[in-house]
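Engineer: My questions concern the predicted model and sequence given below.
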Amino acid sequence: MQYPSLNALLIQIATWFISLAFLAFFSIEIELIELVFCQGVFAAIASYFLRMAVWWFFIHLFFAPAIFIALTFNLPPLGYLMAFVLFILIYGSIHRTQVPLYPSSKAVADVITTLFPKNKAFSLIDLGSGGGKLLTSLSTLNLNGNFYGVEAAILPFLASRVRGLFSQSNCSFSWGNFWQYNLSSYDIVYAYLSPAPMNKLWKKALQEMRPGSILISNSFVVPDVPPSESIAINDFNNSVLYIWKI
């Protein structure tokens, strides 16, 4: 879907009509709060069958109920503003990037370490490094590597900078848009994004990455481009590392 925010709005509108039509057709009488939750279920199911990103399922499921609860308890307008600002600080412009905040597990760090050269220096960049836990773990385990993280969301970036103060000197973090970073300086590029930008990432990798370097994607594949290797990981996400050799 090219315009997920617009599609989400259309789903919300359409499922309200569907919910009301469903109740009218079967002559069902329910309370308003039940109608609100019914619409949320229809909207979530619609987002699933339209193959929207997984987080939209939960947004649709709870969107109308959240508004209903807020209006019922007469929450102050400042609360909405604070919630919106906090959301932006944590997730950044997720509506545009379609990349939520996914934390990588320690098991992922342990497996990635086995892919690194042992007797020579190398460099790795994490595209969307979040709170920096993965890179600080890798930098501690691999002193012959240089690790760089790029994060656009403010609060995760600040968390990574604080974490970086207590990590090895071979680990650093920058705030910014990773699409503006040239990948030619790195031996390994790691990304834990979403299905939406994988085609764009693959094109960027082919244009910029050096021959012999590798691209690692956690959980998300490049459509129609089989990976050179894939490694299943037993962690809370049942992650799979997909590896492409450039």
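Structural biologist: Looks like it came in fine.

Engineer: Tell me the helix or strand right after the helix or strand of the chain with the lowest mean pLDDT.
Structural biologist: Every helix and strand of the chain was ranked by mean pLDDT, DSSP states H and E. The lowest is helix 94-97, at a mean of 54. Next along the chain after helix 94-97, taking DSSP states H and E as the criterion, comes helix 106-113.

Engineer: Only the buried residues of that next one, if you could.
Structural biologist: Residues of helix 106-113 classed as buried by neighbour count (16 or more other CB atoms under 10 Å): 108, 109, 111, 112. All C-beta atoms are positioned from the backbone trio N, CA, C, and that covers glycine.

Engineer: what inclination does whichever helix or strand comes after it have with respect to helix 106-113?
Structural biologist: Counting by DSSP H and E, the next helix or strand C-terminal to helix 106-113 is strand 122-127. Put simply, strand 122-127 runs at 140 degrees to helix 106-113, going by axes from the mean of the first three to the mean of the last three CA atoms, to 10 degrees.

Engineer: How is this structure partitioned into domains?
Structural biologist: For the chain, automatic domain parsing gives the domain ranges 4-75, 106-245.

Engineer: Would you format those as TSV with mean pLDDT included?
Structural biologist: Shown next, in TSV, are the domains of the chain (pLDDT from 0 to 100):
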stretch	mean pLDDT
domain 4-75	83
domain 106-245	92
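
Engineer: Please identify the most buried of those domains.
Structural biologist: When the domains of the chain are scored by mean count of other CB atoms under 10 Å, the highest mean neighbour count falls to domain 106-245 (a mean of 17).

Engineer: any idea how far that domain is from the chain center?
Structural biologist: How far domain 106-245 lies from its chain's middle: 13 Å, per CA atoms, centre = their mean, to the nearest Å.

Engineer: Check which helices and strands the helix or strand hosting residue 24 is in contact with.
Structural biologist: Following DSSP H and E, one finds residue 24 within helix 4-25. In terms of contacts (3 or more CB pairs under 8 Å, 6 or more residues apart in numbering; DSSP states H and E), helix 4-25 is packed against helix 32-49, helix 54-72.

Engineer: Would you format those helices as JSON lines with distance to residue 12 included?
Structural biologist: JSON lines is the format used below for the helices and strands packed on helix 4-25 (distance: least, CB to CB, whole Å):
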{"stretch": "helix 32-49", "distance to residue 12": "6"}
{"stretch": "helix 54-72", "distance to residue 12": "7"}
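
Engineer: Give me the three-state assignment for residue 217.
Structural biologist: strand (DSSP: H, G, I helix; E, B strand; the rest coil).
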